[in-house]
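1. just a sequence and a predicted model for now, questions to come.
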Amino acid sequence: MISCGIDVGSLSGEAVVMEGRDLLGYSIVRTGHDSTSTAKEALEMVLKKTGLSQAQINYTVATGYGRVIVPFAQRNISEISCHARGANFLFPLARTILDMGGQDCKAIRCDERGRLVRFLMNDKCAAGTGRAVEVIASLLEVKLEEVGQLSLSNLQDPPKISNNCLLFAKSEILSLMREGVSVEALLAALCTSIAEKVCELLKRVGLQEKFVITGGIAKNQGVVRRIEQKLGMSALIPPEPQIIGALGAALFAQELAHGQGNPKEKVLPPAQEKLARAASDQ
Amino acid sequence: MLTLGIDVGHCSTKAVLLEDGLVMGKVIFRAAGSVEKAAMEAWEKMRELMGLLESAPPRTFVTGVGRHKGLWGDGSPTEMASHVRGTHHWLPSARTVVDLGAEGVRVSRCGKRGRLSHFLINDRCAAGTGTFLETVAQMMQLSVSEMGLLAEMGSPGVRLTSTCAVFAESEIVGYVHKGVSRQDILWAVHDSLGARVAALVQKIKPEPDLVATGGVARNKGLLKALERHLGISVVVVQEPEMMGALGAALLAADSLGEDLA
């Protein structure tokens, strides 16, 4: 039985193909102008990698922001449930997951079977999401991949960024730059301020070990290290942190294809999820 | 008796010179550098304008971002107290003042004598402030006032769903790519900003007259949106950006025991 999970996010789309508990392959593509073509592109890429044809896939589950408009998916499941499921597959001891993407940040608690217990998310404010790193990196003309390393190479005391809002922080950082503060110190300040916001969210959701970080930000050592320092706890990082949502979707697809388990038990119905989301907004 | 009010803002510095409750002179300029320098420059500019011979400034109150430093001037009233005092002087029936600044929105309620009773502030988030409008103006290569005019020509069609100004930027880019007209996008921008400011104003339970001050109050598109969301009319003073400086000068006079209310 071959299943496929597709995660269409705000900045990237991922596809994972599984047979039973074997991961056959995955792909990551940049999100284009519409979700449907991003999903198709991700699927085509993973099919090419694995040498499969679309007809061989028995069941497909879509997740992420663009999940409702993936035409070839049989079902869609919220990315929160999928992240919990995917993280549990890789790290069975995981109880708290931080998923930090390009446009939001989610703190998720799950049980020993990877079922969602509780979550909090910030998708209202760009400060404290991956977008903050992107915006400041381009302001300072630093490549996104280099932000983490550069921030860790800073030896001075990083300045404190007093503005919470990313737009205000931008002008604050520009004036600090004019005062002669080094790019490394500014990146250190940025990573610290993101880590602070993330830890706030994690504390509110009730952090429990083991703790996993997924999503694009997990590739940024500057942020990860500072989160670990603030929490006094080390984080588990998947080998490819960006595909956990799609992995969870592929796992759900396996179960659904087998008809085993009641999917309703694992997935909140849309109305209920909406309420939970509303409650999680400050 | 002469008094001077200086309002050092995020964007520009304003000063008003007052003699016995009458405005003698006013200056407004974009200041670079430290707050103290901006205040000094305001006084120098005022001296030049008025042809004053004294080198030492008269009794001076400084408000705005500079007021915390307390390095310059004889008093440092809050932005809210200053705006309320200035606005009430201009329009004695004012009871609610919404100060639309570059990096913050402040809503204040005042009593019959122009004294601040309570207030609410948003200065933590760019959504709902002039900074957001300026960012959009830069994106669209327009001036902020042109943008307000264009917005009035637009019609409701698309909506901005993002709260955060940074996310809204990408939403706007998306609409541009989709071929939505500039005026319709700008209508949505002003509508969302108006809704955000209105939410803050509602919280304080506004009483008429509601007066808009601060530089952003010059944007007609925003005022229309604000009125639409509040359901009450918004009065704009003639020089909304000068109200803080005027208020500071009046408060300086008050402190000398002059009763100008």
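-> Right, received. Where do you want to start?
2. what does the stretch 1-150 of chain B have sitting close to chain A?
-> Within the stretch 1-150 of chain B, the positions adjacent to chain A are B:103, B:124, B:125, B:126, B:127, B:131, B:132, B:135 by C-beta under 8 Å from any C-beta of the partner chain. For the C-beta atoms, the positions are set from N, CA and C on the backbone; glycine is no exception.
3. contacts only, for the fourth one.
-> Contact analysis of residue B:126 by C-beta atoms under 8 Å, 6 or more residues apart in numbering or on different chains lists A:165, A:166, A:167, A:168, B:103, B:132, B:135, B:165, B:166.
4. 6 Å instead?
-> A:165, A:167, A:168, B:132, B:165 (C-beta atoms under 6 Å, 6 or more residues apart in numbering or on different chains).
5. residue B:237 now?
-> Applying C-beta under 6 Å, 6+ apart to residue B:237 gives the contacts residue B:90.
6. rerun that using 8 Å as the cut-off
-> B:87, B:90, B:91, B:211, B:212, B:213, B:217, B:243.
7. these, buried ones only, as a ChimeraX selection?
-> One line in ChimeraX is enough to select the buried members of the contacts of residue B:237, burial here meaning 16 or more other C-beta atoms under 10 Å in any protein chain shown:
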select /B:87,90,211,212,213,217,243
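8. which of the contacts of residue B:237 fall in helices?
-> B:87, B:90, B:243 (DSSP state H).
9. between these, which is nearest chain A?
-> Chain A lies nearest to residue B:243 out of the ones in helices among the contacts of residue B:237, by C-beta to the nearest C-beta, at 22.9 Å.
10. can you tell me the centre-most residue of the chain?
-> This is for chain A. Closest to where the C-alpha atoms of chain A average out (C-alpha atoms, centre = their mean) is residue A:215, at 2.8 Å.
11. look at chain B instead
-> residue B:214 (1.5 Å).
12. which residues does that one contact?
-> Taking C-beta under 8 Å, 6+ apart, we find residue B:214 in contact with B:83, B:99, B:100, B:101, B:130, B:240, B:241, B:243, B:244.
13. again, 10 Å this time
-> B:7, B:9, B:11, B:79, B:83, B:97-102, B:104-106, B:129-130, B:240-244 (C-beta atoms under 10 Å, 6 or more residues apart in numbering or on different chains).
14. same question, residue A:38
-> Here residue A:38 is in contact with A:6, A:8-9, A:12-15, A:29-32, A:64, A:66, A:69-70 (C-beta under 10 Å, 6+ apart).
15. one more time with 6 Å
-> Residue A:38 makes contacts with A:8, A:13, A:31, A:32, as judged by C-beta under 6 Å, 6+ apart.
16. in which helix or strand does the second one reside?
-> When you say that, I think you mean residue A:13. strand A:12-19 (DSSP states H and E).
17. next secondary structure after that strand?
-> Assigned by DSSP H and E, the successor of strand A:12-19 is strand A:22-30.
18. related to what we said a few turns ago, ranking the contacts of residue B:126 by neighbours, who comes first?
-> Using other C-beta atoms under 10 Å in any protein chain shown as the neighbour test, the contacts of residue B:126 are led by residue B:165, with 27 neighbours.
19. can you report phi and psi for that one?
-> Note on residue B:165: its backbone torsions stand at phi -60, psi -30 [degrees, to the nearest 10].
20. can you give me the strands for the stretch 1-150 of chain B?
-> B:2-8, B:13-19, B:22-29, B:59-64, B:96-100, B:105-110, B:116-122 (DSSP state E, counting those that start in this stretch).
21. correction: the previous question concerned the stretch 151-282 of chain A.
-> With strands called from DSSP E, counting those that start in this stretch, the stretch 151-282 of chain A shows them at A:211-214.
22. run a quick neighbour tally on residue B:161.
-> Going by other C-beta under 10 Å, the residues that sit close to residue B:161 add up to 10.
23. got a pLDDT number for it?
-> On the pLDDT scale, residue B:161 is placed at 89.
24. from chain A, how far off is the closest residue to it other than its chain neighbours?
-> Nearest residue to residue B:161, sequence neighbours excluded (C-beta to C-beta, 6 or more residues apart in numbering or on different chains): residue B:171, at 6.9 Å. Between residue B:171 and chain A the computed distance is 11 Å (C-beta to the nearest C-beta, to the nearest Å).
25. can I assume residue B:171 is in contact with residue B:164?
-> No: at 9.9 Å, residue B:171 does not count as touching residue B:164 under the criterion of C-beta atoms under 6 Å.
26. phi and psi next, for residue B:176.
-> As for residue B:176, its main-chain torsions (degrees, to the nearest 10) stand at phi -60, psi -40.
27. returning to what we had before: give me the lowest-pLDDT entry from the ones in helices among the contacts of residue B:237.
-> residue B:90 (91).
28. for it, which residues are in contact?
-> By C-beta under 6 Å, 6+ apart, the residues touching residue B:90 are residue B:237.
29. coming back round to it: of all the residues of the stretch 1-150 of chain B next to chain A, which two lie farthest apart?
-> Farthest apart among the residues of the stretch 1-150 of chain B next to chain A by C-beta to C-beta are B:124 and B:135. That separation is 16.7 Å.
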